[in-house]
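> sequence and predicted structure below; questions after.
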Amino acid sequence: MLYSESRGSRIPLQGGWSTFPVSWSDLLSRLSYFNYWAVVDILAIAWLVYRLLLWAKGTRAWQIIWGLLFFFAAVYVTDRLNLVALNWLLRSMFAFGPVALVILFLPELRHALEEFGRPGFWGHSFGLVARENVGEMIDAVVEAVSAMSVKRIGALIVIEREARLDDVVGTGTLINAMVTPTLLQSIFYPGNPLHDGAVVIREHIVVAAACTLPLTSAPRIEAAVHTRHKAALGMSEECDAVVVVVSEETGTISLAVEGRLVRGFTSDSLRARLRQLLMADGPQALASSTIGQVAVRVGNAIARNTVRASRRSRRRVRESSAR
């Protein structure tokens, strides 16, 4: 085996563990041929795919994506198991694939194109929403919800996140006012014509009131879950919104997120949970999402393999030097 002497160390050049450059001039010469635009291209595609998956999460498009994954998995399994007839039947559906995808994703595609054309989509992407405004909105919501819980006034508050809720806003009455505890309590006061419905909050603005929400389609729902809670569940199943519910019968504060309803919140626990859902950014937000958890696991695995490879490399260098 041939070796090269570099700063007193012997580095194998052929048949060894590495083909690293033996000098800084060699390293700089290789970096001069590196295509940095390819890195920009890959990062742009990765960011776009991440944004699309984040937008689709919690919506009907997310369920369709999972269905397509299971379909392709079934095609692969039937091919590996030599199930000729079933595999032929599944593959024959490929001819209708493009038309079927357009039909299935037509509302989502239209909504996605609308989102790309809005500055708010890119603003949310780069975290341009002021954290102070979101914090003030959370404090106002918690104060109003706590007061209505004591008085047992029913309330249904939808807080928008990534997915815009223009369709839901269109079913109610436009408000476009700053979120304040007094405004929320006056809207849900039983004598107010706007109390029967949901309030939609976008950032720190009450966009609309008396909005109609879709009811949950889950087959197994407890008998104690009333219409207001079913609407909260249905809204959280179709988008990534955070829905706060106050029970008119018991005054219990509940929170619906991603198709899950959690009850029994206090003012402190509700404030902490809303801050976690609405104000997380950077590594905290990335680690809390499903995509972020997968990325963290992959990164940890790569880091472990890199450390192991580095240890093996140093061991081989020591063994080569001893010889």
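Good, I have the coordinates.

> in terms of secondary structure, what does the host helix or strand of Lys230 contact?
Using DSSP states H and E, Lys230 sits in helix 227-238. Packing partners of helix 227-238 (3 or more Cβ pairs under 8 Å, 6 or more residues apart in numbering; DSSP states H and E): strand 155-159, strand 242-246, strand 253-257, strand 260-263. Every C-beta, even on glycine, is put in place using the N, C-alpha and C of the backbone.

> ok, which of the ones you listed comes nearest Trp66?
Trp66 lies closest, by Cβ to Cβ, to one member of these: strand 260-263, at 17.2 Å.

> what strands flank that closest one, and is each parallel or antiparallel?
strand 253-257 (antiparallel) (DSSP bridges).

> could you list the alpha-carbon positions for stretch 67-76 in CSV?
The C-alpha trace of stretch 67-76 is given here as CSV (Å, rounded to 0.1, in the frame of the first residue of the first chain):
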residue,chain,number,x,y,z
GLY,A,67,-53.7,6.0,1.0
LEU,A,68,-51.5,6.4,-2.1
LEU,A,69,-48.5,5.1,-0.1
PHE,A,70,-50.4,2.0,1.0
PHE,A,71,-51.5,1.5,-2.6
PHE,A,72,-47.9,1.5,-3.9
ALA,A,73,-46.8,-0.7,-1.0
ALA,A,74,-49.5,-3.2,-2.0
VAL,A,75,-48.3,-3.2,-5.5
TYR,A,76,-44.7,-3.9,-4.4
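
> how does the chain divide into domains?
Listed by automatic domain parsing, the domain ranges of the chain are 37-125, 131-279, 282-323.

> out of these, which is the most enclosed?
Per-stretch averages of neighbours, counted by mean count of other Cβ atoms under 10 Å, single out domain 131-279 among those, with a mean of 18.

> next one: Ser32 from Ser25, what distance?
11 Å (Cβ to Cβ, to the nearest Å).

> ok so, going back, including mean pLDDT, could the domains of the chain go into a markdown table?
Shown next, in a markdown table, are the domains of the chain (pLDDT from 0 to 100):
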| stretch | mean pLDDT |
| --- | --- |
| domain 37-125 | 76 |
| domain 131-279 | 89 |
| domain 282-323 | 57 |
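
> please, which helix or strand holds the residue lying closest to Ala74 once chain neighbours are set aside?
Nearest residue to Ala74 in three dimensions, chain neighbours excluded: Leu90, at 6.1 Å (Cβ to Cβ, 6 or more residues apart in numbering). For Leu90, the host element (DSSP H and E) is helix 84-91.
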